[in-house]
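> Show me how the following folds:
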Amino acid sequence: MGFEIQTRAVGPVVVIEAVGRFTSTDARTKLRDLIHVLTNSGTKRFVLHLDRVDFIDSSGIGELLRSHFVVRQRAGDLKLARVHPKVMDVLRISHMDTIFEIHPGEEEALRAFGTNT
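Residues are numbered from 1 along each chain as shown. Here you go, the predicted structure:
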């Protein structure tokens, strides 16, 4: 399976649901391109669901970091939610779990923004 993303708005927050393999071959720059478009239109708050991403490699980690920094440069925030256990293992091993704010569910991530659900 390739890499697909869908978005929806929850108030001022854009929720991004990712599905598939997060690799250079499958994902390319889909997430980063989406983040660029949305931040250029003024969006600053993002929640990225990774529960349906069952594989991530170093290229996927790089894309996550680049997306995170694009959002930060625009004074925004990108939170991760519902991270697949295999992906969480990679985030821990690579110490990326110290870079990203990770929540068990969407509701917790939205609350962390101060958004009522």
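> show me the contacts for the nearest residue to T23 once chain neighbours are set aside.
Of all residues not flanking T23 in the chain, D57 sits nearest, at 4.8 Å (Cβ to Cβ, 6 or more residues apart in numbering). Placement of C-beta: from N, CA and C, glycine included. By Cβ atoms under 8 Å, 6 or more residues apart in numbering, the contact set of D57 is 22-24.
> Below-threshold pLDDT in the protein: ranges please.
Residues of the chain that meet the criterion pLDDT under 70 lie in 1, 115-117.
> need the longest strand for it.
strand 45-56 (DSSP state E).
> Who are the packing partners of that one?
strand 13-22, helix 30-40, helix 58-73, strand 77-81, helix 85-93, helix 106-113 (3 or more Cβ pairs under 8 Å, 6 or more residues apart in numbering; DSSP states H and E).
> now with 6 Å?
Where contact means 3 or more Cβ pairs under 6 Å, 6 or more residues apart in numbering; DSSP states H and E, strand 45-56 is packed against strand 13-22, strand 77-81, helix 85-93.
> Can you report how many residues neighbour the closest residue to V47 other than its chain neighbours?
What sits nearest to V47 in space, not counting adjacent residues and going by Cβ to Cβ, 6+ apart, is A109, at 4.4 Å. By the criterion of other Cβ atoms under 10 Å, A109 has 28 neighbours.
> okay, which residue is most central for the protein?
When the chain is reduced to its mean C-alpha position, the closest residue under Cα atoms, centre = their mean turns out to be L48, at 3.3 Å.
> Do I have it right that that residue meets I16?
Yes: L48 is within contact range of I16, at 4.8 Å (criterion: Cβ atoms under 6 Å).
> contact partners of stretch 91-100?
61, 80 (Cβ atoms under 6 Å, 6 or more residues apart in numbering).
> can I get the CA coordinates of it in PDB?
Output of stretch 91-100 as PDB, limited to C-alpha atoms (Å, rounded to 0.1, in the frame of the first residue of the first chain):
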ATOM      1  CA  LEU A  91      10.200   7.200  17.200                       C
ATOM      2  CA  ARG A  92      11.600   6.100  20.600                       C
ATOM      3  CA  ILE A  93      14.700   4.400  19.100                       C
ATOM      4  CA  SER A  94      15.500   7.500  17.100                       C
ATOM      5  CA  HIS A  95      14.700   9.800  20.100                       C
ATOM      6  CA  MET A  96      12.100  11.600  18.000                       C
ATOM      7  CA  ASP A  97       9.600  11.000  20.800                       C
ATOM      8  CA  THR A  98      11.400  13.900  22.600                       C
ATOM      9  CA  ILE A  99      10.800  16.300  19.600                       C
ATOM     10  CA  PHE A 100       7.100  15.600  19.000                       C
END
